[in-house]
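Novice: sequence plus predicted model, see below.
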Amino acid sequence: MSSKLVITGMGAVTPIGIGVDSYWENLIAGKTGIDFITSIDTEELPVKFAGEVRDFKASDFMPRKLSGEMDRFMQMAYVAASQAVENAGGITDPYGTGITVGTALNGLKAITDTERTYSKSAFKRVSPRFLPKSLGNVCASQIAIANDIHGPSMTLNTACASGGDAITLASMFIRTGMAEAMVVVGAESATEPILIQSLAGAQALSANNDDPTHACRPFDRDRDGFVLGEGAGALVIETEEHAKARGARIYAELCGCGNNTDAYHPVTPRPDGEGEILAMKQAIGAAGIRPEDIGYINTHGTATIKGDIVENAAVRSVFGDYADSLLINSTKASTGHMMGAGGITEVITCIKTIETGIVSPTLNLVNKDPECDLNYVSKLTEGCSIRYAMSNAFGFGGQNSSIIVGEYK
């Protein structure tokens, strides 16, 4: 029996496009979804911009009653999952199909919206919908109900590594025989005042309110922090045999996954990058390839001062002299930091890069930080021959995830 795991479906809801085709076309066109926030009042906020999915209306994709039962992150996850399932040709084995969802903050919007209404209301009542809208696992439940999925279901909260870790967990379910196929989703919507105030207080966010579209500057010497983003991404992963038996189109092979924790600090990465190095080495080992087989890396690349430098050093440590031959970028200047969603959409970026031979530009990279000395792609690069690509996702708590996808042959 072949041990290959393959990707047969993809879906995306992002600040630069809804649907994988729209997302990819705008990504390679160099568009950004980062601009002034429109969903909340920002007058008293120190940061007034983010990567919002501005043209997303849940009622365009589902019955209004159903959309009212879900938090915004669930709505976007539901749509991305629906796209991926449809793209994969549907669910053909309900009891052999499972679901994993990665999200950093669950239904934060439902919680904050409810608290604002409750504190201002003379009648202290809370909707019975509050709890299911705020629980992270109900996102998976709604997707399972809609698609008749009866297999294993788990929701992960591993901060910004949640999407990548959802892929890893899904592969484990398949490898252990608990499922033949998995729907994997990452989703986030948390553009809320309390989060913005907290992150701004920690000096983690860019504060460039004068020029929001150029505020996110991964690996640039003038970067001053990350930019919040929202959205969702979804994949269908299954065994090669299962995919072939049902005549599915195979987009890529899921080759290797790495996961570990720094055991260093709740919010700061290890300065020596040990955990990031290990995650990349784990993924390469699991894929059974050499570092030199990888042609492209989609970095975590959030545009934080310390984070970019640590990741640069970690990549150089793993790849040695070959590191200078890698094509490397960050897509977060296009979408903002989508947290749980980014781990999935950035793997989709890797798949599309392998498929098309196109590496999208790292926007706003004008003056490269001398300590970020790798080959960061700042202009659209075409005609690339890439067989394997890596996606890194690192999160608060010292969570490290690395995923490798490859050309399917």
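Specialist: Sure, I can see it. Numbers count the residues shown, from 1 in each chain.

Novice: tabulate the CA atom coordinates of stretch 237-254 in PDB.
Specialist: Output of stretch 237-254 as PDB, limited to C-alpha atoms (Å, rounded to 0.1, in the frame of the first residue of the first chain):
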ATOM      1  CA  ILE A 237      -6.300  15.600   2.400                       C
ATOM      2  CA  GLU A 238      -6.600  11.800   1.700                       C
ATOM      3  CA  THR A 239      -4.700   8.700   0.900                       C
ATOM      4  CA  GLU A 240      -3.500   8.300  -2.600                       C
ATOM      5  CA  GLU A 241      -5.500   5.100  -3.000                       C
ATOM      6  CA  HIS A 242      -8.700   6.700  -1.800                       C
ATOM      7  CA  ALA A 243      -8.200   9.600  -4.200                       C
ATOM      8  CA  LYS A 244      -7.500   7.400  -7.200                       C
ATOM      9  CA  ALA A 245     -10.400   5.100  -6.400                       C
ATOM     10  CA  ARG A 246     -12.900   7.900  -6.700                       C
ATOM     11  CA  GLY A 247     -11.100   9.600  -9.600                       C
ATOM     12  CA  ALA A 248     -10.200  12.700  -7.800                       C
ATOM     13  CA  ARG A 249      -7.900  15.400  -9.200                       C
ATOM     14  CA  ILE A 250      -4.700  15.500  -7.200                       C
ATOM     15  CA  TYR A 251      -3.100  18.900  -6.700                       C
ATOM     16  CA  ALA A 252      -0.100  18.000  -4.600                       C
ATOM     17  CA  GLU A 253       1.400  15.600  -2.200                       C
ATOM     18  CA  LEU A 254       1.500  16.300   1.500                       C
END
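
Novice: contact partners of that stretch?
Specialist: Stretch 237-254 is contacted by residues 1-2, 4-10, 88-89, 92-93, 96, 167, 170-171, 174, 180-182, 184, 350-351, 354-355, 403, 405-408 when judged by C-beta atoms under 8 Å, 6 or more residues apart in numbering. In this view, the C-beta of every residue, glycine as well, is placed from N, C-alpha and C.

Novice: centre-most residue in this structure?
Specialist: In the chain, the residue lying closest to the centroid (C-alpha atoms, centre = their mean) is residue 342, at 1.5 Å.

Novice: wait, what's in contact with that one?
Specialist: Taking C-beta under 8 Å, 6+ apart as the contact definition, residue 342 lies against 160, 163, 186, 188, 229, 233, 332, 335, 393.

Novice: repeat the analysis, applying 10 Å as the threshold.
Specialist: Contact analysis of residue 342 by C-beta atoms under 10 Å, 6 or more residues apart in numbering lists 14, 102, 104, 160-164, 186, 188, 229, 231, 233, 298, 300, 302, 331-332, 335-336, 349, 391, 393.

Novice: out of those residues, which sit inside helices?
Specialist: Among the contacts of residue 342, the ones falling in helices (DSSP state H) are 162-164, 332, 335, 349.

Novice: hey, where'd the strands end up in the stretch 201-350 of the chain?
Specialist: 231-239, 252-261, 294-298, 327-329 (DSSP state E, counting those that start in this stretch).

Novice: most packed of these?
Specialist: Of all the strands of the stretch 201-350 of the chain, strand 231-239 has the most neighbours on average by mean count of other C-beta atoms under 10 Å, namely a mean of 31.

Novice: which strands border it, and is each parallel or antiparallel?
Specialist: strand 5-14 (antiparallel), strand 181-188 (antiparallel) (DSSP bridges).

Novice: between that strand and strand 252-261, how many degrees?
Specialist: Orientation check (axes from the mean of the first three to the mean of the last three C-alpha atoms, to 10 degrees): strand 231-239 against strand 252-261 gives 110 degrees.

Novice: average model confidence for strand 231-239?
Specialist: On average, the pLDDT along strand 231-239 is 98.

Novice: ok, now stretch 129-139?
Specialist: Mean pLDDT, computed over stretch 129-139, is 94.

Novice: and what of stretch 262-270?
Specialist: For stretch 262-270, mean pLDDT is 93.

Novice: before we move on, the earlier item: among the contacts of stretch 237-254, which ones are buried?
Specialist: Buried members of these, counted by 16 or more other C-beta atoms under 10 Å: 4-10, 88, 92-93, 96, 167, 170-171, 174, 180-182, 184, 350-351, 354, 403, 405-408.

Novice: state the pLDDT value of the spatially closest residue to residue 343 that is not a sequence neighbour.
Specialist: Closest residue to residue 343 apart from its sequence neighbours, by C-beta to C-beta, 6 or more residues apart in numbering: residue 163 at 2.2 Å. On pLDDT, residue 163 comes in at 98.

Novice: from residue 150, how far off is residue 163?
Specialist: Distance of residue 163 to residue 150, computed by C-beta to C-beta, to the nearest Å: 23 Å.

Novice: do residue 364 as well
Specialist: Separation of residue 364 from residue 150 (C-beta to C-beta): 45 Å.

Novice: who has more neighbours, the two?
Specialist: When neighbours are counted by other C-beta atoms under 10 Å, residue 364 comes out ahead of the other of residue 364 and residue 150, with 23 against 15.

Novice: got the phi/psi numbers for the closest residue to the more buried one other than its chain neighbours?
Specialist: Nearest non-adjacent residue to residue 364, counting by C-beta to C-beta, 6+ apart: residue 217, 4.4 Å away. When quoted as degrees, to the nearest 10, the phi and psi of residue 217 stand at phi -130, psi 70.
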